[in-house]
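In: structure for this input, please:
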Amino acid sequence: MEIKVLGTGCPKCKKLEQQVNDAVVEMGIEANIEKVEDIFKIMQYGVMRTPGLVINEKVVLSGRLPKSSELKEFLTN
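Out: Alright, predicted model coming up:
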């Protein structure tokens with residue numbers, strides 16, 4: 001699984017990165033997690049509000065932090 005956390009480094013972006021790392025470990029998922037901070041790369045995904053979450057090149061979330069249960073649902077689908 002390829003996971004990208006989109007964000008320029010704001011507190012919410014860092015929190016989402018931590019949430020993703022924690023969920024992947026907790027669920028025992030094998031994933032490659034990348035933090036994308038380049039605003040031009042973020043815009044290529046059509047994300048105008050960060051943080052954003054991309055799983056296998058599909059944007060699943062932008063502009064807010066997910067609840068733990070919601071994040072786990074993203075990771076299992």
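
In: please, which helix or strand holds the most centrally placed residue in the chain?
Out: The centroid of the chain falls nearest to Leu53 when counting by Cα atoms, centre = their mean (2.9 Å). If you go by DSSP states H and E, Leu53 is part of strand 52-55.

In: so in that sheet, which strands flank that strand, and in what orientation?
Out: Neighbouring strands of strand 52-55 in its sheet, by DSSP bridges, are strand 2-6 (antiparallel), strand 58-62 (antiparallel).

In: sort out which residues of it are buried, please.
Out: Neighbour-count burial for strand 52-55 flags Gly52, Leu53, Val54, Ile55 (criterion: 16 or more other Cβ atoms under 10 Å). (C-beta placed from N, C-alpha, C; glycine too.)

In: pLDDT and distance to Gly7 added to the residues you listed, as TSV?
Out: Below are those laid out as TSV (pLDDT from 0 to 100; distance: Cβ to Cβ, whole Å):
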residue	pLDDT	distance to Gly7
Gly52	97	7
Leu53	98	9
Val54	98	11
Ile55	97	15
